[in-house]
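> structure for this input, please:
(chains A and B)
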2 protein chains.
Amino acid sequence: MDYETPQFYRVMQYAARADRDVVDMVSGSPDWDPPAGVRAGLREYADGDAGEFQYAPSRGVRPLREHIAARHGVSEDRIVVTNGAGEANHLAMTGGLEGFDGEEILLVDPVYPYYAGRANFLEAETTFVPVDAEGRLDPQAVRAAAGSETAVIVVNSPNNPTGAVYDADAMAALAAVAEDTDALLVSDEVYDRFDYSGRVASALDCGSPNVVATNAFSKSMAITGFRVGYAVFPPTDGPTGRLIERATTRHMLTNVSGSRPAQYAVQRAIETTDSSYYEGARDRLRARIETFCGALDAVGAVYTRPDGGFYVLVRFPEFPGTFENAYRLIDEAGVAGMPGAAFGSARADSLRFSLTTPRVETAAERLVDYFG
Amino acid sequence: MDYETPQFYRVMQYAARADRDVVDMVSGSPDWDPPAGVRAGLREYADGDAGEFQYAPSRGVRPLREHIAARHGVSEDRIVVTNGAGEANHLAMTGGLEGFDGEEILLVDPVYPYYAGRANFLEAETTFVPVDAEGRLDPQAVRAAAGSETAVIVVNSPNNPTGAVYDADAMAALAAVAEDTDALLVSDEVYDRFDYSGRVASALDCGSPNVVATNAFSKSMAITGFRVGYAVFPPTDGPTGRLIERATTRHMLTNVSGSRPAQYAVQRAIETTDSSYYEGARDRLRARIETFCGALDAVGAVYTRPDGGFYVLVRFPEFPGTFENAYRLIDEAGVAGMPGAAFGSARADSLRFSLTTPRVETAAERLVDYFG
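Residues are numbered from 1 along each chain as shown, chains lettered A, B, ... in the order given. Purely as a prediction, here's the structure:
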């Protein structure tokens, strides 16, 4: 599988060229407004002194780091503010490959394609652990797959594309696997504000020196274009304390620092955004899940209702999730989803629909008409 | 030499803790205002639709790419917009190491420390070609040093720290060395708007398939904190046409894309900034060069008047440019400069002073008092 060319571009381009109206359920970009503080922060920044336009500290502006430290209950010296979760995952995965024995990265199937693409790019071996029928990852299956060659285990909860949420017990079990096999658990928690189950847990709560958690404001504040994320590395006084040094050097030699207007806007938005913003986003998505899953039930589709995140993986009767069928669905039903094959083999028969469109109801009606 | 810890932090921190007023001539951040269009662009962006806050195209927003293509007379498919010149140089240097035979990177001594730091980080062999007495790089010296092991040659004109400007003949000679030794010439042209000689030339004008030029708006628009730069790769239909594919993949897997508010602000500033802005910045720096070099003449210091850029490398009589002497100058004269040793061995006896402070006259007076 060629992970290097993002396959969702192909589907998005096909949808854009279609001869009819299409509901885009391919991209994972929120369609709702960022918190007002993001816009206000940018305006404030625009009026700042010339000095404010110069290099941010390489690890990120101070108030932002302080907030991240407080939110996760970790010390600031464990944090690198990155160019989105993408760079955070890059620093974590490269750090794991360098800092631990072995050349193997364990990934979950279905997989967020950037993890697999990066693993290939870094010339790591990849081993995929398939999820169970409900889309859940069994930590014992990870344990069975991990071995002396394993350097990194990457997990993502709430999960893209399955919608699964790993609870505190699952996270602890995964951290234990990492410790027992001398590997690094990279826990991508970028959807943590989109938990509908009440069970979401951060891998940081395990207190393990074998955990790096990554995150970003991209999804939670609906600003995927700003590129403000972060990685939380293990405590600097522990056995893996040097991981953050190397990551900081890599970050500095690659990017020097993150973009300061974006960091400033996020920092101001944090200071002025209360929990009702995140609750509102969850309510919006809960309603969309309700609408969309209602249509799926009506046509007898097989799916797991998402416990978190933005996505629903769906198996329509006699309509496997190939690229060909994704294109057919665009042309014949006016709904664009991602072929499951883009996420590995375990769900190659499904299509992934992103709920980040205000037109979920239209999509639901079209699917009922088409498959009903 | 430990390039991984930016040594200028040490000097800046020492200066910040000093018990007296100190003129900071260490950092290379412009002290003047960005073009009005940068601020206006940020405000406009802040008022945009929610969709504008989502992912930019990975290679950069379209109008910005169009401008870069037009400015350099190249096609858009050769351009990757990056997280500043830092990432542009990273993509170019890694691309050269992967795409050409050999493990060696040729650098100029004195060297901008990030080039050497990155080469070390990438585990490349480094060979340094010293400049001549006037700070000029002799292309024949580069030719003599280059061999079958050479994969990458990195040059920077106008130069940090020497202030030298390489003209079209020098650039052509350097590109010819790259072609003849099957290597990639990485030409960092980030100071190209700060040419006082009228001789500055882009390596792109050589039309060589062995050239990548890097640049940024960081210095020219006084926005080092925005992180908007770019790399121009060789034509995609030539023998090195695949370099940009790999660089694009690396960029995508590291950063996904650059920060969109920053790219938007730069794009709007380009559209609204005329040549008088850049002329004004050059006039300001010419006046500072005049003032500063006058003081250097008065105390019998040895230096080369900069043909371009922001910096003056100075050898004071009986005062070699060690860290110890840099600290002494802070404490005893109230002027902070960078020890030459931070840039390699060729100018280890000098100190580098950055003219990016409104207090050049105060610094000049203090140096006359101290050394006079």
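> use CA for all of it now, contacts and neighbours both
OK.
> tell me the domain ranges of chain A?
Chain A breaks down by automatic domain parsing into domains covering A:7-34+A:275-371, A:36-272.
> right, and the ones you listed - which one's nearest chain B?
Closest approach to chain B among the domains of chain A is made by domain A:36-272 (3.8 Å; C-alpha to the nearest C-alpha).
> skipping its backbone neighbours, what lies nearest A:Arg352 in space?
Sequence neighbours aside, A:Leu313 is the residue nearest to A:Arg352 in space, at 4.5 Å (criterion: C-alpha to C-alpha, 6 or more residues apart in numbering or on different chains).
> sheet partners, orientation included, of the strand or helix carrying that neighbour?
A:Leu313 belongs to strand A:311-315 when assigned by DSSP states H and E. Looking at strand A:311-315 with DSSP bridges, its partner strands are strand A:302-303 (antiparallel), strand A:351-354 (antiparallel).
> residues of the stretch 101-250 of chain A that sit close to chain B?
Residues of the stretch 101-250 of chain A found near chain B, taking C-alpha under 8 Å from any C-alpha of the partner chain as the criterion, are A:114, A:117-118, A:121, A:222-227, A:249-250.
> elements contacting the next helix or strand after the strand holding A:Leu313?
Going down the chain from strand A:311-315, the next helix or strand is helix A:323-333, by DSSP H and E. Here helix A:323-333 touches helix A:7-17, strand A:335-336, strand A:338-339, helix A:360-371, going by 3 or more C-alpha pairs under 8 Å, 6 or more residues apart in numbering or on different chains; DSSP states H and E.
> now do the buried residues in helix A:323-333.
Along helix A:323-333, the positions that meet the burial threshold by neighbour count (16 or more other C-alpha atoms under 10 Å in any protein chain shown) are A:323, A:325-327, A:329-331, A:333.
> please convert those residues to a markdown table, extending it with distance to A:Pro339 and pLDDT.
Putting those into a markdown table (distance: C-alpha to C-alpha, whole Å; pLDDT from 0 to 100) gives the following:
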| residue | distance to A:Pro339 | pLDDT |
| --- | --- | --- |
| A:Phe323 | 6 | 93 |
| A:Asn325 | 8 | 96 |
| A:Ala326 | 6 | 96 |
| A:Tyr327 | 9 | 96 |
| A:Leu329 | 11 | 97 |
| A:Ile330 | 12 | 97 |
| A:Asp331 | 15 | 97 |
| A:Ala333 | 15 | 97 |
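> take those residues and lay them out in TSV including distance to B:Ala46.
As requested, those are arranged in TSV below (distance: C-alpha to C-alpha, whole Å):
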residue	distance to B:Ala46
A:Phe323	37
A:Asn325	39
A:Ala326	36
A:Tyr327	36
A:Leu329	36
A:Ile330	33
A:Asp331	36
A:Ala333	36
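> now A:Val190. Nearest residue, chain neighbours left out?
In this structure, A:Val190 finds its nearest non-sequential neighbour in A:Asn215, 4.4 Å apart by C-alpha to C-alpha, 6+ apart.
> these two touch, right, the one you found and A:Ala231?
Yes - using C-alpha atoms under 8 Å, A:Asn215 makes contact with A:Ala231 at a distance of 6.5 Å.
> more neighbours, these two?
Per other C-alpha atoms under 10 Å in any protein chain shown, whichever of A:Asn215 and A:Ala231 has more neighbours is A:Ala231, with 29 against 26.
> show the average pLDDT along the helix or strand that contains that one.
Applying DSSP H and E as the criterion places A:Ala231 in strand A:229-232. What strand A:229-232 shows for mean pLDDT is 98.
> tilt between the helix or strand just after that strand and helix B:243-255?
On the C-terminal side of strand A:229-232, the closest following helix or strand by DSSP H and E is helix A:243-255. In terms of direction (axes from the mean of the first three to the mean of the last three C-alpha atoms, to 10 degrees), helix A:243-255 departs from helix B:243-255 by 140 degrees.
> quick one: contacts of helix A:243-255?
A:58-59, A:78-80, A:82, A:91-92, A:95, A:99, A:233-234, A:236, A:257, B:4-5, B:83-84, B:86-87, B:90, B:114, B:117-118, B:121, B:227 (C-alpha atoms under 8 Å, 6 or more residues apart in numbering or on different chains).
> keep only those of the residues you listed that are in strands.
Using DSSP state E, the members of the contacts of helix A:243-255 that fall within strands are A:79-80, A:82.
> out of the domains of chain A, which one sits most buried?
Among the domains of chain A, judged by mean count of other C-alpha atoms under 10 Å in any protein chain shown, the one packed with the most neighbours on average is domain A:36-272 (a mean of 22).
> quick check: end-to-end length of that one?
With C-alpha to C-alpha, to the nearest Å as the measure, the ends of domain A:36-272 fall 8 Å from one another.
> stretch A:201-217 too?
From the first residue to the last, stretch A:201-217 extends over 17 Å; the measure is C-alpha to C-alpha.
> now that stretch, how far from the chain's geometric center?
Between the centre of stretch A:201-217 and the centre of its chain there are 14 Å (C-alpha atoms, centre = their mean, to the nearest Å).
> what does stretch A:70-80 give?
Relative to its chain's centre, stretch A:70-80 lies at 20 Å (C-alpha atoms, centre = their mean).
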